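In: I'd like to go over a predicted model; first the sequence, then the structure.
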Amino acid sequence: MKMRRYATLLGLLLVVSIVLSACGSGGSSEQGGSDSNSFKTAMVTDTGGIDDKSFNQSAWEGLTKFGADNDLKEKEGYDYLQSNSASDYATNLNRLVQSNTDLIFGVGFKLAEDITKVADQNKETHFAIIDSVVEKDNVASIVFEEQQGSFLAGVAAATKSESGKIGFVGGEESELIKKFEAGYVAGAKSVNKDIEVDVQYAGSFGAPDKGKLIASNMYNSGVDVIYHSAGGTGNGVFAQAKDLKNNDPEGNYWVIGVDRDQYDEGQIGDNNVTLTSMLKAVDVAVADVAQKSKDGEFPGGEIVSYGLKDDGIGIAETNTEAYTDDIKAAVDEWKQKIIDGDVTAPTTDDELKAYVDSL
Amino acid sequence: MFSSTKFNFIIPIISVILGLVAGAIIMLIFGYNPILGYQALWNGVFDSPFFMSETVNRITPYILTGLAIAFAFRTGLFNIGAEGQVLVGWVAAVWVGTAIDAPAFIHLPLALLAAAAAGALWAFIPGILKAKLGVHEVIVSIMMNYIALHITNYLIRSVLTDNQETTEPVKQTASLTNDFLIGLTGSRLHLGFIVALLMVLVMWVILERTKLGYELKAVGYNQHASNYAGMKVERNIVISMLISGLFAGLAGAMQGLGSFGNAFTNTAFSNLGFDGIAVALLGGNNPFGVVLSASLFGFLKVGSLNMSTAGVPNEIIEIVIALIILFVASGFIIRWALLQLKKGEKK
């Protein structure tokens, strides 16, 4: 009796260990030492992870593209470390420093604090921070002209709107999100000076329930286009628009997505509520800075800004049914004005007020 | 035969081993190499003094939240509100740390005290509601977590700063960081672990060496019997929650005065309080057991960050942790299996 039990246990252990060791020998041969002369870059994600369908994913696509362009191997030439909590940022940044990474990206303004500290301690390593400014000689700050894209989103919304009322849903109130709001309102007023813009903040980027509630109130009050800049909270806006569209396929319930093309989020049956999306090409920026750094032109200490001009910011044209030719024409017209410098999209409340007064 | 104290010791250890083995099997199923994965996990911590001290930093708040939950458990309460108590403690510590000018020997204790008081206050509310009105502390403390999250966000954004996401760093006089330790390891290693270990002793002394501890435990075992024996049940419930919240508040101070040196707005919970539940469970609600299980948690969390160098997604460690907890929680199965083996031996 006792023998049989132990025999089964032993057998199980044996099987597990054989399988384990078989795998062990297979994988280890790939672990070659990396050439100390070759360029190595890596990024530290914020808590979203590289499959967040948003910011981090876009950054990783940029690095992957950079790797492909330069025949670099993943893990050796380019890599990422994932952060599961705010405590992980410093650990991850330091790990990359210690593994002799030449250029380290911090994805998102949440890493700014830690990048500042780590960059101070490691002056030979180059860093880049996305969506924030860190004033250090070995840090490049990558920012986007979100107000330009938001301006065009406003143009599209005002052209599309039949009720003369449009909405904006923000995540947390901050300087960054203010750029979205100011640009959007300015763009809408540029097309229709009397348009009403309902601006509301959910207080969180991760509260889809709140986003849904705000959207519900807005659509009820006659708003027919909502631009969200609220991360996960924006999913609630989409959910509400889709609910309404489902019950009333002829109604006007439009959402403008943010950061990446959110066309897929808007699909409900045969309809799609995504009018367009404000595109923020983090991938373009990341690949660009990595390339510059590899070529020895690292923009250390500089603020590198990406806007409409260099395709760092754009407007999605996926929903051809809703995004009609006259919208496209209006958007293209204003886009050209911004690129030519005839129009400057506002970034703050004060600038917005001055802009609206000048109309 | 095993005695029950032996079981308390053996079940967590077996659970950890089973959890790691199950993690290895999962890695195999998904085509990853578990040996390389676990090697990277190990190296992620023991590669250099830097990461070892990062791990200590990570362990420190886990010990304190573990103590908070364990203390409440021992007295028959389930303080699921440790998360919120951590947040208010964090902000309270940073507030005192940034707003006041004082020499270090006053400033630092004052900041720690503020954190402890804030945590205790946050736990007092579910405690008093439970004692006076019989409202279940789980419900109230869960809701208190959300209140804490949003209040601390508001305080950081509107009171401590002018619409910023991050506060100023705490003044050096209130900081737990220590130049000697920083010079030694190059990391953010701070003196918080001393505070945490002190609190371990405090919990042990209260529970095992004082009349108060005896009463608290008695209330935990059986309220009615304690009442009949002349103990003040209501008062003991409140005291127990206060002490539990105090530990959790200090965990927040470890972050605010040590690892981060500031406070920042959170869109989601830090999970320190929730992980504390698992730490306490794995540590058998014993203060010294909590140190061991917090160490394991810190080790797994920091080490897992290195696993992607072996091509293994670090989420696997979350699965391993969950499995360990599952095995601990179903400890009776392990107990039964061990007894069966023993029985077989006797025949």
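Out: Done, it's in. From a predicted model like this one, the values you see are computed outputs, not experimental measurements. Numbers count the residues shown, from 1 in each chain, chains lettered A, B, ... in the order given.

In: what's next to stretch B:36-50, contact-wise?
Out: Applying Cβ atoms under 8 Å, 6 or more residues apart in numbering or on different chains, the external contacts of stretch B:36-50 come out as A:24, A:27-28, A:94-95, A:98, B:20, B:24, B:27, B:51-52, B:55, B:184-187, B:299-300, B:302-307, B:309-312, B:316-317. C-beta here means a position set from N, CA and C on the backbone, and glycine is covered the same way.

In: just those: which are in helices?
Out: Among these, DSSP state H puts A:24, A:27-28, A:94-95, A:98, B:20, B:24, B:27, B:51-52, B:55, B:184-185, B:299-300, B:302-304, B:316-317 in helices.

In: mind giving me the ChimeraX command for buried ones among those residues?
Out: Burial among the ones in helices among the contacts of stretch B:36-50 is assessed by 16 or more other Cβ atoms under 10 Å in any protein chain shown; the matching ChimeraX selection reads:
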select /A:27,94,95 /B:20,24,27,51,52,55,185,299,300,302,303,304,316,317
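
In: right, and chain A sits closest to which residue of the stretch 151-300 of chain B?
Out: Here the residue of the stretch 151-300 of chain B nearest chain A is residue B:267; by Cβ to the nearest Cβ that distance is 4.8 Å.

In: you'd agree residue B:326 is in a strand?
Out: No: the assignment for residue B:326, made by DSSP: H, G, I helix; E, B strand; the rest coil, is helix rather than a strand.

In: where's it relative to chain A, distance?
Out: 19 Å (Cβ to the nearest Cβ, to the nearest Å).

In: pull the number of nearby residues for that residue.
Out: Residues lying near residue B:326 (other Cβ atoms under 10 Å in any protein chain shown) number 13.

In: equivalent analysis for the one 4 residues further on, please.
Out: Around residue B:330 sit 13 other residues, with neighbours defined as other Cβ under 10 Å.

In: equivalent analysis for residue A:142, please.
Out: Neighbour count for residue A:142, taken as other Cβ under 10 Å: 26.

In: quick check, residue B:71 in contact with residue B:204.
Out: No: counting by Cβ atoms under 8 Å, residue B:71 does not reach residue B:204; the two are 10.4 Å apart.

In: quick one, which of the two is more surrounded?
Out: Legend: neighbour count by other Cβ under 10 Å for residue B:71 and residue B:204, higher for residue B:71 (30 against 15).

In: the closest residue in space to residue B:171 that isn't next to it in sequence: how many residues sit nearby?
Out: Of all residues not flanking residue B:171 in the chain, residue B:97 sits nearest, at 6.0 Å (Cβ to Cβ, 6 or more residues apart in numbering or on different chains). Using other Cβ under 10 Å, residue B:97 has 31 other residues around it.

In: ok, now residue B:111?
Out: Under the neighbour criterion other Cβ under 10 Å, residue B:111 is assigned a count of 29.

In: which other helices and strands does the helix or strand containing it contact?
Out: When elements are assigned from DSSP states H and E, residue B:111 belongs to helix B:104-133. Using 3 or more Cβ pairs under 8 Å, 6 or more residues apart in numbering or on different chains; DSSP states H and E, the elements in contact with helix B:104-133 are helix B:82-99, helix B:137-154, helix B:233-253.

In: out of these, which one sits most buried?
Out: helix B:82-99 (a mean of 30; mean count of other Cβ atoms under 10 Å in any protein chain shown).

In: and that helix with helix B:233-253, angle?
Out: 60 degrees (axes from the mean of the first three to the mean of the last three Cα atoms, to 10 degrees).

In: adding mean pLDDT, write the helices and strands packed on helix B:104-133 out as TSV.
Out: Converted to TSV, those look like this (pLDDT from 0 to 100):
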stretch	mean pLDDT
helix B:82-99	96
helix B:137-154	94
helix B:233-253	96
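
In: distance to residue A:260 added to the ones you listed, as a markdown table?
Out: Listed next are those as a markdown table, based on distance: least, Cβ to Cβ, whole Å:
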| stretch | distance to residue A:260 |
| --- | --- |
| helix B:82-99 | 31 |
| helix B:137-154 | 26 |
| helix B:233-253 | 35 |
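
In: in the stretch 51-200 of chain B, what residue is nearest chain A?
Out: Counting by Cβ to the nearest Cβ, the stretch 51-200 of chain B gets nearest chain A through residue B:54, at 5.0 Å.

In: mind listing what the nearest residue to that residue once chain neighbours are set aside touches?
Out: Counting by Cβ to Cβ, 6+ apart, residue A:91 is the residue found nearest to residue B:54 once chain neighbours are left out, at 5.0 Å. By Cβ under 8 Å, 6+ apart, the contact set of residue A:91 is B:51, B:54, B:302, B:305.

In: and if you look at residue B:299?
Out: By Cβ under 8 Å, 6+ apart, the contact set of residue B:299 is B:45, B:55, B:59.

In: try residue A:211
Out: A:169, A:202, A:228, A:230, A:233, A:234, A:235, A:236, A:237, A:239, A:240.

In: cool, and residue A:284?
Out: If you count contacts by Cβ under 8 Å, 6+ apart, residue A:284 has them with A:62, A:306, A:310, A:311, A:312.

In: cool, and residue B:320?
Out: Shown in contact with residue B:320 (Cβ under 8 Å, 6+ apart): B:19, B:20, B:22, B:23, B:300.

In: does it count as helix, strand or coil?
Out: Secondary structure, three-state DSSP: residue B:320 is helix.
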